[in-house]
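1. Got a sequence here, can you model it:
(2 chains)
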Amino acid sequence: EADIYQTPRYLVIGTGKKITLECSQTMGHDKMYWYQQDPGMELHLIHYSYGVNSTEKGDLSSESTVSRIRTEHFPLTLESARPSHTSQYLCASSPVLGQGAGTGELFFGEGSRLTVL
Amino acid sequence: AQTVTQSQPEMSVQEAETVTLSCTYDTSENNYYLFWYKQPPSRQMILVIRQEAYKQQNATENRFSVNFQKAAKSFSLKISDSQLGDTAMYFCAFILTARGGGSEKLVFGKGTKLTVNP
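-> I've put the predicted structure just below:
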């Protein structure tokens, strides 16, 4: 089983609140990702990182921000949550292709389901 | 740009029967990996099966097997002896391996919702 953890699993908050979704992995993976997914729908890449101090925006524009100060930690922050941010957020990690067993496979956390009222 | 297409948004199958999920992809590159991921309701996304493009032999993992047709850019997933626990969203995904430098990203299809009926 993959060692990647997300907290909180469920969060219900009011509009305008600041929230941080935590993601940690203990596998030493260089690459980490945040996906946004509505229930039963496709995945949208919103942020990714290839290592410490590296962050990039993904294919779907998002008002959230991320940081990568430590290899194992990749938190996502919303400064002012709105109902349109209601969704599930999936964190994932992978080793760099060719390193060790790296084949591009992503390891996913259990997700953080955010509801903004 | 690379794309992955899953043409079946939803499918259903009776328990113990066999079902095949379709996936096609588009790339001009020759070296890549293909994956099928499973996302059960309210549970973690997990890898089901992986195929290296340079291998002609189709990958198998217990009841799961793929039909990899490189020339046709097709990568279907066959689930034999379907079980209730196979009910999930299934995502086909693809990543290039030739570029190096760690800049590759996984490209996902939109998913197929599979329901296994008792």
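
2. Am I right that B:Gly85 sits in a strand?
-> No: applying DSSP: H, G, I helix; E, B strand; the rest coil, one finds B:Gly85 to be helix, outside a strand.

3. That one: what's it in contact with?
-> Residues in contact with B:Gly85 (Cβ atoms under 8 Å, 6 or more residues apart in numbering or on different chains) are B:40, B:116. C-beta: built from backbone N, CA, C; applies to glycine.

4. low pLDDT regions in chain A?
-> A:1-2, A:97-102 (pLDDT under 70).

5. Kindly recompute the last result at 80.
-> Applying pLDDT under 80 to chain A picks out residues A:1-2, A:96-104.

6. Tell me where the chain has strands.
-> With no chain named, the answer covers chain A. Shown for chain A, the strands assigned by DSSP state E span residues A:4-7, A:10-13, A:19-25, A:31-37, A:44-51, A:54-57, A:65-66, A:76-78, A:87-94, A:107-108, A:112-116.

7. if you could check chain B rather than the one you did, that'd help
-> According to DSSP E, the strands that chain B contains are B:3-5, B:10-14, B:19-21, B:24-26, B:32-39, B:46-52, B:60-61, B:64-69, B:74-79, B:88-96, B:107-108, B:112-117.

8. for stretch B:75-82, which positions count as buried?
-> B:75-79, B:82 (16 or more other Cβ atoms under 10 Å in any protein chain shown).

9. Of all the strands of chain B, which one is nearest chain A?
-> Each of the strands of chain B has some distance to chain A by Cβ to the nearest Cβ; the shortest is strand B:88-96, at 3.7 Å.

10. quick one: the closest one near chain A?
-> Yes: Strand B:88-96 lies within reach of chain A by Cβ under 8 Å from any Cβ of the partner chain, at B:89, B:91, B:93, B:95.

11. For the second one, give me its contacts.
-> Taking Cβ under 8 Å, 6+ apart as the contact definition, B:Phe91 lies against A:42-43, B:6, B:36-39, B:45, B:108-109, B:111-112.

12. Kindly report the same for the first one.
-> Contact criterion Cβ under 8 Å, 6+ apart gives A:40, B:38-39, B:111-114 as the residues in contact with B:Met89.

13. just those residues now: which is nearest B:Cys23?
-> Using Cβ to Cβ, B:Thr112 is the member of the contacts of B:Met89 that lies nearest B:Cys23, at 8.4 Å.

14. For beta bridges, what are the partners of the residue nearest in space to the middle of chain B?
-> Centroid-nearest residue in chain B, with Cα atoms, centre = their mean: B:Trp36, separated by 2.9 Å. Taking DSSP bridges as the rule, B:Trp36 bridges to B:Ile49, B:Cys92.
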